[in-house]
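Participant: below: sequence and its predicted model.
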Amino acid sequence: MTSAAAPEPTPAPPPTPVTAPAPPPAAVRPLRARGREEAHRAATPLELFFDLCFVVAVAQAGAELVHSVAEGHAGEGVLNYAMVFFALFWAWVNFSWFASAYDNDDVLYRVVTLVQIAGVLVFAAGVSKGFEEHDFLLIWLGYLIMRVALTVQWLRVAWSATGAERTTALRYACGVLVCQIGWSGLLFLPEGGRLWLFLAMAVLEMCVPVFAEKSYTTAWHPHHISERYGLFTIIVLGETIAAATVAVKSGIEENDALGELLPIAAGGLLMVFAAWWIYFVVPIHGRLSGNRQAFLWGYGHYVILGSAAAIGAGLEVAVEEAVGKAHISTLAASAAVTVPMALYLLTVWLLHSRYYKVGLAQQLVLPVSALATLASTFAGSWAVLVAGIVATATVATGVTLTSRMARQERAA
């Protein structure tokens, strides 16, 4: 009797090709513009590290805002927060747009960027003194370190460039240094003049890119820039959740106030989730086709990011008021949450959501939600939870309207 033939063995899969490791960065190479149409451009690990270190300073500013509002000094606290946050935001903007156009990832570029990060940490160390004692020496010193490092980068570009591009690089370098000299007035002016100096210098700072790029547009990458802003927004929202979580945890452990804090925790979480959803529901990079649109969009993120961080500070204030540690009314504590949330909703709609909304109903979702969020301020101890429910309803309404329109288009 003949035995059955043994089955042939299954051939082994071909070996997976091994990708050669990327070569180490060169020590120094010319700092030339990258291509705006470069494919698969994404944020680098160095940029992500830069963002995380910036959030240290954002957290310090938020903590000081909490202290000022909880002690009944909301006006002074908000003003100091606006000034400090602008300095942080603008330093981050300067680095991010420069990196989008000229990141060559050589050793010198990395070292200079790490120097900028050191400046951020010095800045963060001075935030408390800036708020409490109006002593801006450490803030100014940290800003000086960041701006001198940025100037070195622009001078490297000027060294490698010619013509209009070289002129633009030199304009940036000079503009950054002149503005830094102007900020030195914070160290010498009397307290009454500092606000006016801040307003003048903020306008001057925002005019530098407009002046520098009059005859040459730097090769920033639209997809990369939109990703950078999106990642920083995520990190700020993450810091908001972290700060609120610590506040709720401390309130429960120290005061056994779970019943009072649970609505705040739930409402705050719903608001942050909705803030993330609303920001990322549309792809904005397609609108960043030129400097006019991109600069307005980029500058406007001062309000988006500042209000996103302030939501976390407001949640901390609401927690402190609920456990009796804050010297303000329930209405004021609720407004510390609802006002920045409403401002966030309006600004996100104004900067990019409205360009993707079709019809009056879609256009009204975020503005009406902002008004409803402000109205929830008057809901007493339930205000934060009501605002969270409003935020959830906003997302649900937007998704429903978009889905209905998609079904109508398919049917047509």
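Facilitator: Now that the structure is in, tell me what you want to look at.

Participant: any weak-confidence spans in the chain?
Facilitator: For the chain, applying pLDDT under 70 flags the ranges 1-26, 286.

Participant: quick one: the strands in it?
Facilitator: Assigned by DSSP state E, the chain shows no strands.

Participant: go through it and flag its longest helix.
Facilitator: Of all the segments assigned as helix in the chain under DSSP state H, the longest by residue count is helix 222-255.

Participant: packing partners for it?
Facilitator: In terms of contacts (3 or more Cβ pairs under 8 Å, 6 or more residues apart in numbering; DSSP states H and E), helix 222-255 is packed against helix 45-70, helix 74-102, helix 258-280, helix 291-322. No exception for glycine: its C-beta is placed from N, CA and C like everyone else's.

Participant: now it against helix 74-102, angle please.
Facilitator: 150 degrees (axes from the mean of the first three to the mean of the last three Cα atoms, to 10 degrees).

Participant: flag every buried residue along helix 222-255.
Facilitator: Of all the residues in helix 222-255, those buried under the rule 16 or more other Cβ atoms under 10 Å are 222-233, 235-237, 239-241, 243-244, 247-248, 250-252.

Participant: hmm, back to that, looking at the helices and strands packed on helix 222-255, spot the one closest to Cys207.
Facilitator: helix 291-322 (10.6 Å; Cβ to Cβ).

Participant: buried residues in stretch 295-307?
Facilitator: Within stretch 295-307, the residues scored as buried using 16+ other Cβ under 10 Å are 295, 297-298, 301-307.

Participant: let's have those residues in JSON lines, adding distance to Glu321.
Facilitator: JSON lines is the format used below for the buried residues of stretch 295-307 (distance: Cβ to Cβ, whole Å):
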{"residue": "Phe295", "distance to Glu321": "39"}
{"residue": "Trp297", "distance to Glu321": "36"}
{"residue": "Gly298", "distance to Glu321": "35"}
{"residue": "His301", "distance to Glu321": "30"}
{"residue": "Tyr302", "distance to Glu321": "28"}
{"residue": "Val303", "distance to Glu321": "25"}
{"residue": "Ile304", "distance to Glu321": "26"}
{"residue": "Leu305", "distance to Glu321": "25"}
{"residue": "Gly306", "distance to Glu321": "22"}
{"residue": "Ser307", "distance to Glu321": "20"}
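
Participant: now the longest helix of the chain, how far from the centre of its chain.
Facilitator: 10 Å (Cα atoms, centre = their mean, to the nearest Å).

Participant: now the angle between helix 45-70 and that helix, please.
Facilitator: Per the same axes, to 10 degrees, the angle that helix 222-255 makes with helix 45-70 is 40 degrees.

Participant: also compute the angle for helix 222-255 relative to helix 258-280, please.
Facilitator: Helix 222-255 runs at 180 degrees relative to helix 258-280, counting by the same axes, to 10 degrees.

Participant: picking that back up, deepest-packed of the helices and strands packed on helix 222-255, please.
Facilitator: A comparison of the helices and strands packed on helix 222-255 by mean neighbour count, using mean count of other Cβ atoms under 10 Å, puts helix 291-322 on top with a mean of 23.

Participant: mind giving me the packing neighbours of that one?
Facilitator: Using 3+ Cβ pairs under 8 Å, 6+ apart, helix 291-322 is in contact with helix 45-70, helix 74-102, helix 191-212, helix 222-255, helix 258-280, helix 330-351, helix 383-411.

Participant: could you dump the ones you listed to a markdown table with distance to Leu360?
Facilitator: As requested, these are exported to a markdown table (distance: least, Cβ to Cβ, whole Å):
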| stretch | distance to Leu360 |
| --- | --- |
| helix 45-70 | 37 |
| helix 74-102 | 33 |
| helix 191-212 | 33 |
| helix 222-255 | 27 |
| helix 258-280 | 19 |
| helix 330-351 | 14 |
| helix 383-411 | 11 |
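
Participant: which of these sits closest to Leu121?
Facilitator: Judged by Cβ to Cβ, the one of those that comes nearest to Leu121 is helix 45-70, at 6.5 Å.

Participant: for the residue nearest to Ser100 when sequence neighbours are not counted, what are its contacts?
Facilitator: Leaving aside its sequence neighbours, Ser100 sits nearest to Trp220 (Cβ to Cβ, 6 or more residues apart in numbering; 4.1 Å). Shown in contact with Trp220 (Cβ atoms under 8 Å, 6 or more residues apart in numbering): 36, 97, 100-101, 294.

Participant: at 7 Å what do you get?
Facilitator: Contacts for Trp220 (Cβ atoms under 7 Å, 6 or more residues apart in numbering) come out as 97, 100-101.

Participant: what are the phi and psi values at it?
Facilitator: phi -60, psi 150 (degrees, to the nearest 10).

Participant: any idea how far Phe295 is from it?
Facilitator: From Trp220 over to Phe295 the distance is 10 Å, taken as Cβ to Cβ, to the nearest Å.

Participant: my guess is Leu116 contacts Val148. True?
Facilitator: Actually, residue 116 is Gln. It isn't Leu. No - here Gln116 does not reach Val148: they are 9.2 Å apart, not a contact under Cβ atoms under 7 Å.

Participant: neighbour count winner among these two?
Facilitator: Gln116 (24 against 16; other Cβ atoms under 10 Å).

Participant: ok, now how distant is the more buried one from Leu258?
Facilitator: Note on Gln116: its distance to Leu258, by Cβ to Cβ, is 43 Å.

Participant: again, but for Ser100
Facilitator: Ser100 sits 46 Å away from Leu258, taking Cβ to Cβ as the criterion.

Participant: and if you look at Arg156?
Facilitator: Taken as Cβ to Cβ, the span from Arg156 to Leu258 is 56 Å.

Participant: do Ala43 as well
Facilitator: With distances taken as Cβ to Cβ, Ala43 is found 40 Å from Leu258.
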